[in-house]
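Novice: Build me a model:
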Amino acid sequence: MMRRVDREESERFARELFATCDWSVLSTTGPDGPYAVPVSHVVEGNRIYFHCALEGTKLDCIEFDKRVSLTCVGHVEPDPAALSLFYRSAIARGNASIVTDEQEKQHALKLIVTRHAPSNSDHLSEHIAQNMAMTCVVCVTVTHYTAKARKKENVGPV
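Specialist: This is a model prediction of the structure:
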């Protein structure tokens, strides 16, 4: 249960924030303990995709424990009078897996490029075909969302 229930937001709010944030922080657990890294994600339904290199710490951690969380924060604005911030944040918890199906991988890469590099859409298929073998795509199947916000309209004690 969230401590500040006055700031708790809906699952819909969380989903919308993830859909509009350009990046999130992936939190994992590996053999050496916790690990967190920013990723550029894209949302489709109950799945969050991101791409990465074919090897590295985040993949080692996912192999160790598929349970992950992603955190995004948006609409941040200082509130100097309250020595605080206005913000919106969301956490998505779920299970991460490496996308091995070629069609799903290609689909996810199209979503990622369209979301984060729309000016490259003219050469999208060619670019994906050239880079697919050297790119890993991770899918997080979300099992739970939480969200909270300190918005101007609900300003109160911090």
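
Novice: For the spatially most central residue of the chain, which residues are in contact?
Specialist: For the chain, the residue nearest the mean C-alpha position is Ser24 (4.2 Å; Cα atoms, centre = their mean). With contacts defined as Cβ atoms under 8 Å, 6 or more residues apart in numbering, Ser24 is in contact with 18, 38-39, 41, 48, 70-72, 92. From N, CA and C alone the C-beta is placed, and that goes for glycine too.

Novice: Tell me where this protein has helices.
Specialist: Counting by DSSP state H, the chain has helices at residues 11-20, 57-64, 102-116, 124-131.

Novice: residue boundaries of the strands in the chain?
Specialist: 8-9, 24-30, 33-39, 41-44, 47-52, 67-79, 84-98, 136-150 (DSSP state E).

Novice: packing partners for the last one?
Specialist: Spelled out, it's strand 136-150. Judged by 3 or more Cβ pairs under 8 Å, 6 or more residues apart in numbering; DSSP states H and E, the packing partners of strand 136-150 are strand 8-9, helix 11-20, strand 47-52, helix 57-64, strand 67-79, strand 84-98, helix 102-116.

Novice: If I average pLDDT within each of these, which one is lowest?
Specialist: The minimum mean pLDDT among the helices and strands packed on strand 136-150 belongs to strand 8-9 (a mean of 84).

Novice: Going by neighbour count, which residues of stretch 65-82 are buried?
Specialist: Using 16 or more other Cβ atoms under 10 Å as the test for burial, stretch 65-82 gives 66, 68-73, 75.

Novice: That'll do, ta.
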